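**Q** have a look; sequence and predicted model below, questions after that.
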Amino acid sequence: MSNKRTKGVTVVRPIVYGNVATLLPQKKVPDSDHTHKWTVSVRGLNNEDISFFVKKVTFKLHETYANPQRVVEHPPFELTETGWGEFELTIKLQFVPESGEKPVTLYHNLRLHPYEEDGSISTANKNKPVQSFQYDELVFTEPTEYLHQLFLQHPSAGLQPRSTPTNPYSVQAEVDEIRKIEEATKKVQEQLTIYKNKLEKTTKELDEVKAELERVKK
Ligand code: SLL
């Protein structure tokens, strides 16, 4: 197998990354203001192995943490910490050297609190574990023959037709999501038309008042 690129080939690998967080029992961490325990992770869809092509993952934490760069070189690619605040994590994926691929950086907003739809923190769900994950796809355009062979040896099952309690990512979920986006876009367009019409009407009225004012002045 070589480092030659495979012309015309694109390989897409789904990944899931994000965090879970739980409230710490009070006084769990002595002499500290830490309120939550959290774990950030990067995994394959359906928990598929990604270590055959991912060499290491570097999680970059907020600078209030000692040694904010945390390197994980073996699966599971995850990191557990405690803390008091939310911040944006940087997740750098480095691939096996033979792949010739440049690192990929992902961003994740660490979530500790159960938010309501309006953005306020839900007090009712305060003690429930919080989960915040996102689905994404790594795209390898014209991978090296080496990497292409690796992917052929480790096929991904891809998106399952329907969601399950442990795996919310499915073809159905994607369809539902697209429908929601389309509905929201339609609503925004409708509102825009209403506001445009209002603006037109008000501008016309204003012009009339101006003209009237000119007439009175003369
Ligand atoms: C905030 N902008 O103010 C954010 C920053 C930082 C969270 C959150 C540090 C833990 C430790 C920690 O939890 N930092 O002291 O080791 O909410």
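**A** Noted; the coordinates are in hand.

**Q** the residue most central in space within the chain: what's it in contact with?
**A** Among the residues of the chain, the one closest to the centroid is Q134, at 4.0 Å (Cα atoms, centre = their mean). Counting by Cβ atoms under 8 Å, 6 or more residues apart in numbering, Q134 makes contact with V16, Y17, G18, H108. Heads up, the C-betas are built off the backbone N, CA and C, glycines and all.

**Q** where does the first one land on pLDDT?
**A** What that stands for is V16. If you check V16, the pLDDT there is 96.

**Q** residues near it, how many?
**A** Using other Cβ atoms under 10 Å, V16 has 20 other residues around it.

**Q** so it, which of the three states?
**A** strand (DSSP: H, G, I helix; E, B strand; the rest coil).

**Q** wait, doesn't it sit right on G44?
**A** Yes: between V16 and G44 there is a contact under Cβ atoms under 8 Å: 7.4 Å.

**Q** OK, contacts around the nearest residue to R13 once chain neighbours are set aside?
**A** In space, and not counting its chain neighbours, R13 is closest to L138: 4.6 Å by Cβ to Cβ, 6 or more residues apart in numbering. Going by Cβ under 8 Å, 6+ apart, L138 touches V12, R13, P14, I15, L93, V104.

**Q** and L138, its phi and psi?
**A** Main-chain torsions, L138, degrees, to the nearest 10: phi -90, psi 130.

**Q** and it, how far is that from H34?
**A** In this structure, L138 and H34 are 33 Å apart, going by Cβ to Cβ, to the nearest Å.

**Q** still on that earlier bit, how much space between the residue nearest to R13 and K102?
**A** Taking Cβ to Cβ as the measure, L138 falls 12 Å from K102.

**Q** do L24 as well
**A** Counting by Cβ to Cβ - L24 and K102 are separated by 38 Å.

**Q** neighbour-wise, which of those two wins?
**A** When neighbours are counted by other Cβ under 10 Å, L24 and K102 differ, and L24 comes out ahead with 16 against 8.

**Q** contacting residues for that one?
**A** H34, T35, H36, K37, T82.

**Q** tally of neighbours for the fourth one?
**A** Yep, that's K37 we're talking about. By other Cβ under 10 Å, 19 other residues sit near K37.

**Q** thought I50 was touching S41, still the case?
**A** No: S41 lies out of contact with I50 (Cβ under 8 Å); the separation is 10.9 Å.

**Q** okay, the two: which has more neighbours?
**A** Higher neighbour count among S41 and I50: I50, with 24 against 21, using other Cβ under 10 Å.

**Q** mind listing what the more buried one touches?
**A** Per Cβ under 8 Å, 6+ apart, neighbours of I50: R13, I15, V42, R43, G44, P75, F77.

**Q** rewinding a little: want to throw the contacts of L24 into CSV with pLDDT, distance to L152 and secondary structure?
**A** Shown next, in CSV, are these (pLDDT from 0 to 100; distance: Cβ to Cβ, whole Å; DSSP: H, G, I helix; E, B strand; the rest coil):
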residue, pLDDT, distance to L152, secondary structure
H34, 91, 45, coil
T35, 92, 47, coil
H36, 94, 42, strand
K37, 95, 40, strand
T82, 95, 42, strand
